[in-house]
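>>> sequence first, predicted coordinates after that:
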Amino acid sequence: MDVTDRAELIVVGFAVRTTNADEMDPARARLPALWQRVGVPGAFAHVPGRVDENLYAVLTDYESDHNGAYTQIVGTGVRTVPRIPEGMVAVRVPAGQALRLAVRGQMPQALVEAWQQVWKHTESGGTPSRAFTTDLEVHHREGADLYIAV
């Protein structure tokens, strides 16, 4: 994990509120349905001002730490907040320092393993410590990059 400066980003997409405990129980998990919804070809084609073809997952509104509730917004990066399509939200990912992890390999397993590494870093008191403000996953052709706020 490297510490890097993360640039500001605005993401328009769909949101769910969940917990890691809920996501480990298939009966309560909300993220698979969210990812299925955003994985449809052209899911964001009607959003104006897109910056690229990447998918962005913003984890924010942390109740406490990785054991509490949080909101995940999955969507597309935009230059400015457009008129938001019905059912979507906009969120600003502030610029700041972040731990960066490059995730490569078979998805979603590689992503799950990367988050487990982040949780171990958190639980072991690793430095720098997590801020639990706004984290970001950038999904692209090569895999994904995690930016964990510190």
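Nice, I can see it.
>>> element containing Phe132, please.
Phe132 belongs to no helix or strand when assigned by DSSP states H and E.
>>> now do the end-to-end distance for stretch 87-99.
31 Å (C-alpha to C-alpha, to the nearest Å).
>>> secondary structure element holding Pro32?
Assigned by DSSP H and E, Pro32 falls in helix 31-38.
>>> buried residues in that helix?
Going by neighbour count (16 or more other C-beta atoms under 10 Å), the buried part of helix 31-38 is Leu31, Leu34, Trp35, Val38. Every C-beta, even on glycine, is put in place using the N, C-alpha and C of the backbone.
>>> pretty sure the last one contacts Val74?
What that stands for is Val38. Yes. Under the criterion of C-beta atoms under 8 Å, Val38 is in contact with Val74, at a separation of 4.7 Å.
>>> what is in contact with the two at once?
Gly13, Phe14, Leu55 (C-beta atoms under 8 Å, 6 or more residues apart in numbering).
>>> okay, strands next: where are they in the protein?
2-6, 9-18, 55-60, 70-78, 89-93, 96-103, 134-140, 143-149 (DSSP state E).
>>> how about the most centrally placed residue in the chain, what does it touch?
Computing the C-alpha centroid of the chain and ranking residues by C-alpha atoms, centre = their mean puts Ala57 first, at 2.7 Å. By C-beta under 8 Å, 6+ apart, the contact list for Ala57 reads Gln72, Ile73, Val74, Leu136, Glu137, His139.
>>> Arg130 now?
Arg130 makes contact with Asp65, His66, Leu99, Val118, His121, Thr122, Ile148, Ala149, Val150, according to C-beta under 8 Å, 6+ apart.
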